[in-house]
Each structure stands twice: as structure tokens, then as C-alpha cells.
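Engineer: Sharing a model that was predicted from the sequence below.
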Amino acid sequence: MAHAATHDHHDDHHGAPKNFFVRWCMSTNHKDIGTLYLVFSLLMFFIGGSFAMVIRAELFKPGMQLVQPYFFNEMTTMHALVMIFGAVMPAFVGLGNWMIPLMIGAPDMALPRMNNLSFWILPFAFALLLSTLFMAGGGPAGGWTLYPPLSLQTDSLAYVVFAVHLMGISSIMGAINIIATILNMRAPGMDLLKMPVFVWSWLITAFLLIAVMPVLAGAVTMLLTDKYFGTSFFNAGGGGDPVLFQHIFWFFGHPEVYIMILPAFGIISEIIPTFSRKPIFGYKAMVFAIASIAFLSFIVWAHHMFAVGLPLGAEIFFMYATMLIAVPTGVKVFNWVSTMWGGSMTFETPMLFAVAFVILFTIGGFSGLMLALVPADFQYHDSYFVVAHFHYVLVTGAIFAIIAATYYWLPKWTGHMYSEFWGKVHFWNSVIWVNVLFFPQHFLGLAGMPRRIPDYNVAFANFNMISSIGGFLFGASQLIFLGVIVHAVWFSRKKATDRVWEGAKGLEWTVPSPAPYHTFELPPVIHDEELAHGHVED
Amino acid sequence: MNQQLTETEQAARLKRARRTAYAVAAIAVAVFLFSILQMLWISK
């Protein structure tokens, strides 16, 4: 394995520009750009979270309480757009930027200048998007799906479409960089089937991004021409069809769901072996399961549209195709459990979040299976059951994985240990309140409460109040997370060792903590037994 | 222990990376154009 980086005179803490502007605005260093992505993502997480607080405050009691209905709709729309494109996706790109070169023994990303550009597009995109809230006609309020004809009524549609284009360009450039890096910059001996599962998950995710982000760009461009240039792609009055937009949107939208969860699978596949002190169970099966999920994600989009009146044959096809995803997902869940089985487990904060991910993401998966059933979906469609489902997948799935990854790699990034006590306080508060927040929403949905409404029948009052209390406390719990990070970065006196975790394996743990500004300028030698997943039979 | 890459090998690696990036970017552009063409065709 690579001992080299530790002793190599090329790999030192020097080399970072002293000038703040030059270092952070003109950086081409994968670690700095990774940090920028992660900080941006954290900021967006709190902005998107504050929108969620407005939503839960309004829904605390039946009746109109705090905000006007249009503003409420703006909040639901912006919450989703900010969390999906501003928080979750940039967080994964940040983690990929930081960790992929370290994990494959590369000195940097393959295209460092494009890396800088793909990050710096994002702040402008989100400034543009968020500025629409202050415009005369208001921001987008038709939901993140931007369905016409509702979205065409938004005065600021041009700004929203331009912001979506910018986010898409940023994502595509990030994906190109990741593919070019993984396929060309691996250290000699780091064969594809020796790569960490996290790297595999990102390679497959990057191909998903390349395949679907341009489709979203095409769809929103046509929204724009429908509104401003007199076309009728989605206007039934002019010979178009609004359902066409739904097909195109969900052809992007469903793989997008996997773009937000496959890197999470990769993270969990790194953390569980470390704290179980065992190689991952079924490495190849894990990789093929990710690839299978990615393939299936392209042929299930219409399960979001069962209620529009699809032909029966199409409904049956999309129902079975959707249910099929449970097979590779089940492989992953069973392999995580098998990795833990008989392991010498300890429960530091990253592992607690990883175990919670396995359990709670599976709950989200099961409710997804329920939604896949056409006859049942007619009841659940557009209800709070759907809201509960995707928040279990995205909050206790994607966001818990991002938090787990932050605790796992923070000592490597900063060179300091975070406070394990406060990490655990954060975990227990998060895991309790997130369930108080989202579990009652299943009952609300089954009882018939529609999503995206600011007022509701008094019959739904109790569960909504419980959900809102859970929401406020879950939101407040994330301030603990912020505190733990600030403490670890600036105030912690406990130095991290190079390997940090006793059971950690892989190239990233062979470099010093904090990781030097330049690493692996000379490629390391790969020894199979030191890889995170052990020796893989050919 | 480290492995030394010669300058030629490093240059070849970066050239391959650039070629990969162009190929993937071309796919992205093609998907964008195809999605618009597809909708033009359906809308006829």
C-alpha cells in the first residue's frame, strides 16, 4: 500500500496560496474545491431548512396562520429546489471532489480548471433562483416539478429556467470531471474492480447525470419557449400536451432520485466495514447492484404519473419495473447487514448514522414499494404518504449519509477529532425528531391529506401538530451539527491520527491528517489486502 | 513505496482524460439535442 504520501517530500502542507481570493476563488485544488462545495451545501441546507420551518409552522394548526397561500407554495417549491440542487447534490460532489482522488491515488481531478468553474457557477445560479422570491410577481410556486400550465403562470419563469440551466451545466461539468478522473487518473494497479464502492457509486452516478440533466435542460427550455415565444409544446390549446412535459420531466426526475442516493450507498459501504472491522460482504454484488439500480432507474419514470390516465399495459409495465428495483436494493441492504454480522462492531457517530440509514432508508424503500402498486397509488397519489416516503428516502437516506460521511472524513480533512459526545447528542436528537417529523405523515396521507396545501381539515390537526414539533426540533438539532463542525475545524485540540479509525482501510487513510495540500503526486503502490474490501477474486 | 510515472506517461494520461471528457460532453450535448428533437417530433 502507499506509505509514500506520508514521507514523500512532494506531499506537504505547503503550496496553498496565502491570498484568500486566490486560494478560494481561483482554486484548482480538489480539496479546496471539495471544501467549497461542502460549505455551500451546508449553507443551502440551512436556507432550505428555514423554508421547511415556514411550511411546518403554517401547518402547525388548521387554518391560515402565518403566511399567504402563494408564499406557502413558493416555500414548498423553493424548499425542494434548494435541497435537491443546492444541498444534496453539491454535498455529494464535494465529497467526491475531496475523496475520489485520495481513494484512487490520483494527484487531483483530471480537469482542475473546469472543476473550479463547475463550483463557481452554483452561487450565481442560486442567487438568481432565490432572488425570484423578492421579485414583483413572486418566485416559482407550482412545485419543483415545474408542471405546465401552472409553472407558466410564474412571472419569474425565465430566471428560474436560467438558474436550472446553470445548475445543470455545473452538474454536467462535475460529472464529466469525475468520469475522466476515475477512468484515467487511477494509480497503476488500482483496477476498476479494486476501487472503493464509493468511487464506483460516483462513477455510475456521473453517467446518470450525463444521461438525464440535458433532458431536464431540454424540457425547461421548451417551457421557456411556450411562455415567451408562442410555441405550444405543452399547451393543449395549441395542439401540444401538458402530459408530455410530465413524461420528459420524470425521465429526468426518477434517475435524479438515484443520483441523490447512489453516492449515499457508496458512503455507507465505506463506513459499515470500517466500524465492523470486516471487508464489505459481496463487493462485486454491491457494484453490480448499483449498476442495476442505475439501469432500472431509466425504465420506471411513469410510476410518478399513474394517475394521469396511462394505458393499462403501461401501468402494469411501470409497476413491475419499479418493483424490480427492490431486488438490487435488497442485495445492498442484506450485504450491509451481512458485513455487520459477526463483526467487531463499535458505534462511533458515523456508524450510528450509517446504521440508522440502513433501517430508515429501508422504511422509505418499503413505502416506495407500496406506491409502486398501481391500484394503491390511486389512493396515495399526491397525498402526505408520498411526502413521508420521499423524506424517508432523502432525509434519513441521502442526508443521513452526508452527515455520516462528514463525521467519518472530518478528522482527515481538518486534522482534528470532532467531539464524539456532541456527535452522539446530534445523532440521537436527529434520529428521534426526524421520525416524529415524518412518520405521522404516513397516517396523514393514508387518511387523505393532500400535499402542497397551506390549510387542512381539522381531522388532520393532531398528527400535523406532532409532525411540526418534530420538524422544529429536528431543525434545531442540526445547529448541534454546525457546532460540532465549527468546534472540530477551529477549536478542537485532539489531533487526528493518519488512519483515524482502527478498522479503516484504503488509500485515503495512508496520507497524513489533515490531508496535505498535494497528495499522490507520485502514484502509490496498491496492495490488495489493504483495500477496504479486501482481496477480490478475479 | 511510490511509483514513478515518466513525463510521457503523465502527458498520455492527461491526454486520455481530455479525450474522455470530450466524448462524455458530446454525449451530453447529443442527449440535449435529442430530447428537444424528440419533443418536436411528438408535438407535430
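Structural biologist: Right, received. Where do you want to start? Residues are numbered from 1 along each chain as shown, chains lettered A, B, ... in the order given.

Engineer: how distant is stretch A:242-250 from the center of its chain?
Structural biologist: Relative to its parent chain, stretch A:242-250 has a centroid offset of 23 Å by C-alpha atoms, centre = their mean, to the nearest Å.

Engineer: what do you get for stretch A:288-308?
Structural biologist: A distance of 17 Å separates the C-alpha centroid of stretch A:288-308 from that of its chain, computed with C-alpha atoms, centre = their mean.

Engineer: Now look at that stretch and say if it contacts chain B.
Structural biologist: No. Stretch A:288-308 stays clear of chain B (C-beta under 8 Å from any C-beta of the partner chain), getting no nearer than 11.9 Å. (Glycine included, C-beta is placed from N, CA and C.)

Engineer: OK, contacts around the residue nearest the centre of chain B?
Structural biologist: Taking C-alpha atoms, centre = their mean, the centroid of chain B lies closest to B:Val24, which sits 2.3 Å from it. Each residue near B:Val24 by C-beta atoms under 8 Å, 6 or more residues apart in numbering or on different chains is listed here: A:Ala175, A:Ile176, A:Ile179, A:Ala180, A:Ile210.

Engineer: Where does it sit, in terms of helix or strand?
Structural biologist: Secondary structure from DSSP states H and E places B:Val24 in helix B:7-43.

Engineer: Tell me the gap between that helix and the middle of its chain.
Structural biologist: Put simply, helix B:7-43 sits 4 Å off its chain's centre (C-alpha atoms, centre = their mean).

Engineer: what's the spacing between A:Tyr456 and A:Ala141?
Structural biologist: The span separating A:Tyr456 from A:Ala141 equals 18 Å under the rule C-beta to C-beta, to the nearest Å.

Engineer: higher neighbour count, the two?
Structural biologist: Set side by side, A:Tyr456 and A:Ala141 show unequal neighbour counts under other C-beta atoms under 10 Å in any protein chain shown, the larger going to A:Ala141 at 23 against 18.

Engineer: any idea how far A:Pro140 is from the closest residue to that one other than its chain neighbours?
Structural biologist: Distances taken as C-beta to C-beta, 6 or more residues apart in numbering or on different chains put A:Asn73 closest to A:Ala141, at 3.7 Å, once the chain neighbours are dropped. Remark: distance between A:Asn73 and A:Pro140 (C-beta to C-beta) = 9 Å.

Engineer: What is the longest helix anywhere in chain A packed up against?
Structural biologist: In chain A, assigned by DSSP state H, the helix with the most residues is helix A:197-228. Secondary-structure packing of helix A:197-228 (3 or more C-beta pairs under 8 Å, 6 or more residues apart in numbering or on different chains; DSSP states H and E): helix A:89-104, helix A:157-184, helix A:242-259, helix A:262-276, helix A:283-296, helix B:7-43.

Engineer: residues of the second one that come out buried?
Structural biologist: Which is helix A:157-184. Counting neighbours by 16 or more other C-beta atoms under 10 Å in any protein chain shown, one finds that the buried residues in helix A:157-184 are A:157, A:159-184.

Engineer: near chain B, which of these show up?
Structural biologist: On the criterion C-beta under 8 Å from any C-beta, A:Ile172, A:Ala175, A:Ile176, A:Asn177, A:Ile179, A:Ala180, A:Thr181, A:Leu183, A:Asn184 are the entries of those that sit beside chain B.

Engineer: For the fifth one, which non-adjacent residue is spatially closest?
Structural biologist: Meaning A:Ile179. Beyond its immediate neighbours in the sequence, the residue positioned closest to A:Ile179 (C-beta to C-beta, 6+ apart) is A:Ala206, lying 4.8 Å away.
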